[in-house]
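Q: sequence-free structure coming up:
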């Protein structure tokens, strides 16, 4: 083939490829268009079709902005979990998973601790009941607490929710037949439809009405209600209850709609002055209500913060808008069509968020004026636009710093309309760590020995807590019991409770006295905390300083390094960190790692321990000095006072008195009969090993056995050297039992507590060198 022929052939191949690529791009664009049309479609539906939807699912269709907001939160947040095990009486302090609401698909995630999560969910559940409508909700927190981020992500999710079928709400949409109403002067010159174009567009996915609009673009004058009136309001108020009674067949739904507070608006509200004027004018022209309803459509509301539709956020620097909004073009068309000026298409900027959300980001500058302007609207739900009344049913939200509350505190009537929700600095160290991991990546924990990133966060949180704790001091009557590892202000105990857990190191007496009332009082006291100390932004800076300070170190960050950082490099923080807290934190750390090492080296026969506990639960139902065959294990149990004494010593100690043992036995029996046997085994069908009582006894039994697990190695220098030599050829010189124990210890530290091989060696030598076995 000649050079010219080859060139032509290559050119043809490139042309073919270009055509193929163009076709692929066109197909991709078509597919994108189809997806957008299906997911973003908000085509108006006939009023009759809307009424069909209403009759089929009235609870969904008749939601206001408060109910929609409630449903939005519960759509993204699964059911909470109460993991308190101390008492059957829940105080509602549950774990809520906020990842889908505040973290996933958010440009910058917001992390809510357990305290704020429960506070927020109580507020949201109140929305569903319709009891708190005439208020503005201000989220109050100090600078750097993340309140602006919280509100931004919350509104982002509202927009996302409103786009799906489950989250959509409806508004009035007018579709006025120009020809039927006499037409505009220009209608006679309307361009005839281009039939070929219409047929090309008709792929079976458009309704006949949509195709008619394409063919006759001037046939209809269409526009939405600027106030987002709900279509049901177009049923005249005097006839509405009777109409809905006939339309809705679900008696349970009707009972709610006609009697419950959250649906009160359905029967009491009226359309905006624009829709009322159009309705009345059409009725005057046609004389037939059906003709008016034929001009009505229902359309899904668009929630767009960017466009200010149903969601609007005002920053302090945004100027206040006083003048009404007028659509002069639409006003002229309406006047021309109706041949009158009875319909005044005029509304305030408040109409843009009616039945939606209006938010003020910080009560400063112009937002102070806005807040004061909202007073009457929030109280009465109505304000004037020129001479016309405009009814507003908006969810008002905002954020505020504590120092800015003086703008309304001196006005009693206004103060009653403002509900503040505390959003302080994070007080849950798990949440604080989640913030660190989001900023620096999940691998940040590998820079620390296990437990030490937690210690860093606890030091930060200690600066945010109140040092006075009257409720805890009333509960813990003998704090000296914990003096070896608990700070004098008991902040470490408070931190554990704020995460939703009860520390394992509490005595049985203190654990039992942590009843429902005490738990509620401790949690309630948190309302005043988190307004001082190291802010969220400052904590991230400090963590970065810590990582940079030890960047050249080959070792992971240890407790000694952490102490050095806060004592020497950041001595100026001493006034924020409670006196003696870091020392107590180190003591608590020492106590915890000692328990980890004990558990790691501990061998026990789980099967035998299980039989012992089950046999004891069987035996307590008999008086001593008998032999009985256990219903659960089949073992013959010699039930004697010594049998009880030896078993109960594992829980109460060898020096416990007969009275203490008798009390323990009686309490155990009462729980066994009332809960374990009759409720969990007989009613719920659990095996005895699955019951809460068995699990609690098993945990305490093994914990006490572990206490002496390290005793044989306390003064054994070979044990320390074997740990030091592990992984080297020198390790083979030790006897087989010692090698087995060392390997078991180091392997378990890695498997159970996430230590690296080097970290496991490090922490084992740490507890030996500090002689922690004799300390605790």
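A: Structure's in. What do you need? Keep in mind that what you see is a predicted model, and the values were worked out from it rather than measured. Numbering: from 1, shown residues only.
Q: any idea how far residue 79 is from residue 94?
A: 9 Å (CB to CB, to the nearest Å). Using the backbone N, CA and C atoms, a C-beta is placed for each residue, glycine as well.
Q: measure stretch 551-558 end to end?
A: Start and end residues of stretch 551-558 are separated by 13 Å (CA to CA, to the nearest Å).
Q: got it, and stretch 55-70?
A: End-to-end for stretch 55-70, by CA to CA: 22 Å.
Q: list the buried residues in it.
A: For stretch 55-70, a neighbour-count test (16 or more other CB atoms under 10 Å) marks 55, 58, 60-70 as buried.
Q: ok, so of these, who is nearest residue 173?
A: residue 61 (15.1 Å; CB to CB).
Q: next, the residues that contact stretch 266-286 from outside, please.
A: 62, 172, 174, 176, 181, 225-227, 229-230, 232-234, 237, 240-241, 244, 257-258, 289, 291-292, 295, 334, 338, 340, 342-347, 351, 354, 388-391, 393 (CB atoms under 8 Å, 6 or more residues apart in numbering).
Q: can you turn the buried part of these into a PyMOL selection?
A: Only the buried entries of the contacts of stretch 266-286 go into this PyMOL selection, using 16+ other CB under 10 Å:
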select buried, resi 62+172+174+176+181+225+226+227+229+230+232+233+234+240+244+257+292+295+334+338+343+344+345+346+347+351+354+388+390+391+393
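Q: show me the contacts of stretch 266-286 that map onto strands.
A: 172, 174, 176, 346, 347, 388, 389, 390, 391 (DSSP state E).
Q: wait, the fourth one touches residue 386, no?
A: Yes - in this structure, residue 346 sits in contact with residue 386. The criterion is CB atoms under 8 Å, and the distance is 6.7 Å.
Q: so what sits against both of those two?
A: residue 324.
Q: between residue 79 and residue 94, who's got more neighbours?
A: Remark: of residue 79 and residue 94, residue 94 carries more neighbours, 17 against 8, as counted by other CB atoms under 10 Å.
Q: surely that one and residue 122 touch.
A: No - counting by CB under 8 Å, residue 94 stays clear of residue 122, with 10.6 Å between them.
Q: and for these two, which residues touch both?
A: With CB under 8 Å, 6+ apart as the test, residue 94 and residue 122 reach no residue in common.
Q: and the helix or strand that contains residue 127, what other elements does it pack with?
A: Element membership for residue 127 (DSSP states H and E) is helix 114-129. With contacts taken as 3 or more CB pairs under 8 Å, 6 or more residues apart in numbering; DSSP states H and E, helix 114-129 sits against helix 65-76, strand 418-422.
Q: tell me the strands beside the shortest one, with direction?
A: Looking at strand 418-422 with DSSP bridges, its partner strands are strand 136-140 (parallel).
Q: in the helix or strand just after the strand it pairs with, what counts as buried?
A: Beyond strand 136-140 in the direction of the C-terminus, DSSP H and E gives the next helix or strand as helix 147-162. In terms of neighbour count (16+ other CB under 10 Å), helix 147-162 has its buried residues at 147-159, 161-162.
Q: same question, stretch 280-290
A: Result for stretch 280-290 [16+ other CB under 10 Å]: buried residues 281, 282, 285.
Q: repeat that for stretch 750-764.
A: 753, 755, 759, 760, 761, 762, 763, 764.
Q: for the helices and strands packed on helix 114-129, give me TSV that also has distance to residue 481 and mean pLDDT.
A: Formatted as TSV, the helices and strands packed on helix 114-129 follow (distance: least, CB to CB, whole Å; pLDDT from 0 to 100):
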stretch	distance to residue 481	mean pLDDT
helix 65-76	43	95
strand 418-422	33	91
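Q: so who does the nearest residue to residue 123 once chain neighbours are set aside touch?
A: Distance criterion CB to CB, 6 or more residues apart in numbering; nearest residue to residue 123, sequence neighbours excluded, is residue 421 at 5.8 Å. Taking CB under 8 Å, 6+ apart, we find residue 421 in contact with 119, 120, 123, 137, 138, 139, 140.
Q: recalculate using a threshold of 10 Å.
A: Going by CB atoms under 10 Å, 6 or more residues apart in numbering, residue 421 touches 116, 119-120, 122-123, 137-141, 147, 397, 399.
Q: identify the farthest-apart pair in the buried residues of stretch 55-70.
A: 55 and 69 (24.9 Å).
Q: contacting residues around the residue most central in space within the chain?
A: Closest residue to the average C-alpha location of the chain: residue 98 at 2.6 Å, with CA atoms, centre = their mean. Residue 98 is in contact with 73, 76-78, 104, 109-113, 116-117, 120-121, 150, 153, 431, counting by CB under 10 Å, 6+ apart.
Q: now with 8 Å, please.
A: Residue 98 neighbours (CB under 8 Å, 6+ apart): 76, 77, 111, 112, 117.
Q: tell me the confidence at the fourth one?
A: Looking at residue 112, its pLDDT reads 95.
Q: how about it, what does it touch?
A: 96, 98, 102, 120, 150, 431.
Q: would TSV of the residues you listed with distance to residue 358 and pLDDT be doable?
A: Listed next are the contacts of residue 112 as TSV, based on distance: CB to CB, whole Å; pLDDT from 0 to 100:
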residue	distance to residue 358	pLDDT
96	26	94
98	23	96
102	21	97
120	19	95
150	17	97
431	29	96
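Q: which among the residues you listed gets closest to residue 587?
A: Nearest member of these to residue 587, counting by CB to CB, is residue 431, at 24.4 Å.
Q: so the closest one makes contact with residue 111?
A: Yes - with contact defined as CB under 8 Å, residue 431 reaches residue 111; the gap is 5.1 Å.
Q: between the two, who's got more neighbours?
A: residue 111 (25 against 21).
Q: I'd say the more buried one and residue 438 touch.
A: Yes - assessed by CB under 8 Å, residue 111 is found in contact with residue 438 at 7.2 Å.
Q: circling back: out of the buried residues of stretch 750-764, which are inside helices?
A: 753, 759, 760, 761, 762, 763, 764 (DSSP state H).
Q: among those residues, which two are most distant?
A: Maximum distance among those (CB to CB): 13.3 Å, for 753 and 761.
Q: got the ones in strands among the contacts of stretch 266-286 as CSV, with distance to residue 370 and pLDDT columns?
A: Formatted as CSV, the ones in strands among the contacts of stretch 266-286 follow (distance: CB to CB, whole Å; pLDDT from 0 to 100):
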residue, distance to residue 370, pLDDT
172, 27, 97
174, 31, 95
176, 35, 92
346, 21, 92
347, 17, 93
388, 21, 87
389, 20, 89
390, 16, 91
391, 19, 92
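Q: which residue ranges form the helices in the stretch 451-600 of the chain?
A: Assigned by DSSP state H, counting those that start in this stretch, the stretch 451-600 of the chain shows helices spanning 452-462, 470-475, 491-498, 508-513, 516-525, 536-549, 559-564, 581-601.
Q: I'd like those helices as CSV, with distance to residue 321 appended.
A: Below are the helices of the stretch 451-600 of the chain laid out as CSV (distance: least, CB to CB, whole Å):
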stretch, distance to residue 321
helix 452-462, 42
helix 470-475, 48
helix 491-498, 43
helix 508-513, 58
helix 516-525, 41
helix 536-549, 33
helix 559-564, 53
helix 581-601, 51
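Q: with distance to residue 776, mean neighbour count and mean pLDDT added, can I get those in TSV?
A: As requested, these are arranged in TSV below (distance: least, CB to CB, whole Å; neighbours: other CB atoms under 10 Å; pLDDT from 0 to 100):
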stretch	distance to residue 776	mean neighbour count	mean pLDDT
helix 452-462	17	23	97
helix 470-475	22	15	94
helix 491-498	15	22	96
helix 508-513	18	14	90
helix 516-525	26	16	93
helix 536-549	28	16	92
helix 559-564	16	17	92
helix 581-601	5	20	93
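Q: so which of these gets nearest residue 618?
A: Of these, nearest to residue 618 by CB to CB is helix 508-513, at 22.0 Å.
Q: contacts for the closest one, please.
A: Counting by CB under 8 Å, 6+ apart, 86, 475, 476, 502, 651, 700 sit against helix 508-513.
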